[in-house]
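Colleague: dropping a prediction and its sequence here:
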Amino acid sequence: SSHIPYITDGNYFYEHDNNFLQNYYILIKKFVRPLFNEKIFFQKKPTVRFNFPNKFLKNEKFRFHTDIMLGHPPKEINLWLSFTKTSLSNSLRILNFNDSIRSYDFCMNDFKNLAKRVQYDNDFYKNLIKKSYSLSLDYGKIFFFDSKCLHCTQHNKTNKTRISIDTRIITEND
């Protein structure tokens, strides 16, 4: 009998078979690499994400963050690839670069302060919601964004599960 891991196993979505990884490497080589004028480095294994309908608690706030808050280099570029059509609440929510920088400045460039404000300062949080937007992408489209841009997963109020991968790239000079 073959072993099927439980979805509650935290490593399940990080264990990719060779076929998946080969296709991921082809994606990077054929479609991403040509966009840059220099050598790039990329995350060895992408993160697979599912945004199921109604998975959040009713009053739970979106967890706006940047990848640099989580220890990623500031010159890294995020790549978000949707395997399903995304729009409205089943998509990634993001602030543009300038609004993200203004939010940092407001928090004195202190990520702990930013994280607290996102969770406990209702006016600050409402401002992030007001200035951010949901990505509308067709199946197979890639969205690149600066690692300093605030973003979050939303409460999926649609009846469609969003499936996507995210990965990070950085140029050789950076």
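Modeller: Looks like it arrived, so ask away.
Colleague: ok, Lys160 - contacts?
Modeller: By CB atoms under 8 Å, 6 or more residues apart in numbering, the contact list for Lys160 reads Pro53, Thr84, Lys85, Asn90. (C-beta placed from N, C-alpha, C; glycine too.)
Colleague: by neighbours, which of these wins?
Modeller: Asn90 (25 neighbours; other CB atoms under 10 Å).
Colleague: so it touches Asn156, yeah?
Modeller: Yes. Counting by CB atoms under 8 Å, Asn156 is a contact partner of Asn90 at 4.6 Å.
Colleague: so which of the contacts of Lys160 comes closest to Asn109?
Modeller: Among these, Asn90 lies closest to Asn109 (CB to CB), at 32.2 Å.
Colleague: would you map the helices across this protein?
Modeller: Using DSSP state H, the helices of the chain run over 18-27, 97-106, 111-120, 122-131.
Colleague: next, format these as JSON lines and append mean pLDDT, distance to Gly71 and mean neighbour count.
Modeller: Formatted as JSON lines, the helices of the chain follow (pLDDT from 0 to 100; distance: least, CB to CB, whole Å; neighbours: other CB atoms under 10 Å):
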{"stretch": "helix 18-27", "mean pLDDT": "93", "distance to Gly71": "22", "mean neighbour count": "12"}
{"stretch": "helix 97-106", "mean pLDDT": "96", "distance to Gly71": "16", "mean neighbour count": "15"}
{"stretch": "helix 111-120", "mean pLDDT": "94", "distance to Gly71": "10", "mean neighbour count": "15"}
{"stretch": "helix 122-131", "mean pLDDT": "96", "distance to Gly71": "21", "mean neighbour count": "14"}
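Colleague: indicate which one of the ones you listed is closest to Tyr139.
Modeller: Short answer: helix 18-27, nearest of these by CB to CB, at 13.9 Å.
Colleague: test my guess that Asp99 contacts Lys130.
Modeller: No. Taking contacts as CB under 8 Å, Asp99 lies outside contact range of Lys130: 9.7 Å.
Colleague: where in this protein is pLDDT low?
Modeller: 1-15, 56-58 (pLDDT under 70).
Colleague: overlap of the contact sets of Asn90 and Asn156?
Modeller: Asn51, Pro53, Arg162.
Colleague: of the residues you listed, closest to Glu60?
Modeller: For the shared contacts of Asn90 and Asn156, the nearest to Glu60 is Asn51 (13.6 Å; CB to CB).
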